[in-house]
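Asker: can't give you the sequence, but here's the structure:
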């Protein structure tokens, strides 16, 4: 077995790639044509049926359009004190404070409704000429989803 593999590998640069694949990677079971096994096998996979452009056109985030001003559903992924860190499927998550009523319901994994004000908080801070991103979105917590 190892001798055949060594021989095929040493002969690989001289032989076309399809012959190399037929000898090593896809050996034929029988020499007679079979309805199950194709007579000619190739060593490549078929290209994906969907292109990147079609994936982008059919994406839910793209179909939603500009989410600023819309109500979205997010999931709480971290809780620190009164701060809720919420992921709603965009580049940055948001940080909202717990409401006074129903504080016990806002735990990790809970789905909440948010109104998006801005997808990225960036401001010009003291002493800087360029905007600096805070790496979070600006949202308003509307309540628990469902």
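Answerer: On my side now, so go ahead. All of these numbers come straight from a predicted model, not from anything done at the bench.
Asker: quick check, residue 100 in a strand?
Answerer: No. Per DSSP: H, G, I helix; E, B strand; the rest coil, residue 100 lies outside any strand segment and is coil.
Asker: for it, grab the count of nearby residues.
Answerer: For residue 100, the neighbour count with other Cβ atoms under 10 Å is 7. (C-beta placed from N, C-alpha, C; glycine too.)
Asker: ok, now how distant is it from residue 106?
Answerer: Look at residue 100 and residue 106: by Cβ to Cβ, to the nearest Å, they are 11 Å apart.
Asker: strand partners of the lengthiest strand in the chain, parallel vs antiparallel please.
Answerer: Looking across the chain with DSSP state E, the single longest strand is strand 71-80. Applying DSSP bridges, strand 71-80 is found paired with strand 83-87 (antiparallel), strand 111-118 (antiparallel).
Asker: now the ones you listed in a markdown table, with distance to residue 135 and mean neighbour count?
Answerer: Below are the strands paired with strand 71-80 laid out as a markdown table (distance: least, Cβ to Cβ, whole Å; neighbours: other Cβ atoms under 10 Å):
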| stretch | distance to residue 135 | mean neighbour count |
| --- | --- | --- |
| strand 83-87 | 12 | 19 |
| strand 111-118 | 13 | 17 |
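Asker: can you tell which of the ones you listed is closest to residue 57?
Answerer: In terms of Cβ to Cβ, the element of the strands paired with strand 71-80 nearest to residue 57 is strand 111-118, at 22.2 Å.
Asker: which stretches of this protein form strands?
Answerer: Per DSSP E, the chain carries strands over the ranges 71-80, 83-87, 94-97, 111-118, 122-123, 132-133, 138-144.
Asker: what's the model's confidence in the last one, averaged?
Answerer: When pLDDT is averaged along strand 138-144, the result is 93.
Asker: who does it pair up with?
Answerer: When pairs are called by DSSP bridges, strand 138-144 turns out to pair with strand 111-118 (antiparallel).
Asker: quick one: residues in contact with the strand it pairs with.
Answerer: Defining contact as Cβ atoms under 8 Å, 6 or more residues apart in numbering, one finds that strand 111-118 is touched by 67-76, 84, 86, 88, 94, 96, 106, 137-146.
Asker: out of those, which end up buried?
Answerer: Buried subset of the contacts of strand 111-118 (neighbour count, 16 or more other Cβ atoms under 10 Å): 67, 72, 74-76, 84, 86, 88, 94, 96, 106, 137-139, 141.
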